[in-house]
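In: Quick one, fold the following:
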Amino acid sequence: MFFIQPSAQDIQRALDSWLWLPLADKAVIRVTAFGDFFLQNDEGIWFLDTLEGKISLVCQSIAQLNELLGTEDGQDHYLFGGFVERAVREGRLLGQGQCYDFKVNPVVGGSISYDNIGIRSFVVAVNLAGQLHDKVRHLPEGTIITGFNISD
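Out: Coordinates of the predicted model:
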């Protein structure tokens, strides 16, 4: 319930807008129901947080990752466990190629609340988040975003 299994092609398409982060030497090992990624390289296990727009080293091995994600804190922090469990309880189940996503991304003012969660195409959700974070990271700190346009 906490993980999805997108195709290799969908993962590549989703990550196309995240190439400004150091992903080249890392292999995707898990994708969360919210479209976040656990990746692995020689240094350990990394977490690509599509909400925060950053990648960070979280542990050294799969065993450590499993231990981390076996805790309530780990599930809440990395998997949005409470939101996923509630969505499943309410019958808001993901189909193939889908993930949970914020209707209005928090990076542009959306709330981190259950009412702001919807189901979206995995590729679209992750790619849009990457584009948003890429644009926002170039703005001066404290910039207020009053609107934006989505175009082809």
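
In: which other helices and strands contact the worst-scoring helix or strand of the chain on mean pLDDT?
Out: Among the helices and strands of the chain, helix 122-136 carries the lowest confidence by mean pLDDT, DSSP states H and E, at a mean of 93. For helix 122-136, the packing partners by 3 or more C-beta pairs under 8 Å, 6 or more residues apart in numbering; DSSP states H and E come out as helix 8-15, strand 98-102. Backbone N, C-alpha and C define where each C-beta goes, glycine included.

In: which of the ones you listed sits most buried?
Out: A comparison of the helices and strands packed on helix 122-136 by mean neighbour count, using mean count of other C-beta atoms under 10 Å, puts strand 98-102 on top with a mean of 22.

In: So which residues make contact with that one?
Out: For strand 98-102, the external contacting residues (C-beta atoms under 8 Å, 6 or more residues apart in numbering) are 4, 31-35, 51, 80, 83-84, 87, 94, 110, 112, 116-122, 125-126, 129.

In: what's near enough to touch the residue nearest the centre of the chain?
Out: The centroid of the chain falls nearest to Asp36 when counting by C-alpha atoms, centre = their mean (2.6 Å). Asp36 makes contact with Phe47, Leu48, Asp49, Thr50, Leu51, Tyr78, Leu79, according to C-beta under 8 Å, 6+ apart.

In: and what of Gln131?
Out: Contacts of Gln131 by C-beta under 8 Å, 6+ apart are Ser17.

In: Three-state assignment for the closest residue to Phe3 other than its chain neighbours, please.
Out: Nearest non-adjacent residue to Phe3, counting by C-beta to C-beta, 6 or more residues apart in numbering: Arg30, 5.6 Å away. Following DSSP: H, G, I helix; E, B strand; the rest coil, the label given to Arg30 is strand.

In: Can you give me the neighbour number for Arg30?
Out: By other C-beta atoms under 10 Å, the residues close to Arg30 number 20.

In: residues contacting it?
Out: Per C-beta under 8 Å, 6+ apart, neighbours of Arg30: Phe3, Phe37, Phe38.

In: related to what we said a few turns ago, for the residue nearest to the centre of the chain, give me phi and psi.
Out: For Asp36, the backbone dihedrals (degrees, to the nearest 10) come out as phi -90, psi 160.

In: distance of it from Gln60?
Out: As judged by C-beta to C-beta, to the nearest Å, Asp36 and Gln60 stand 19 Å apart.
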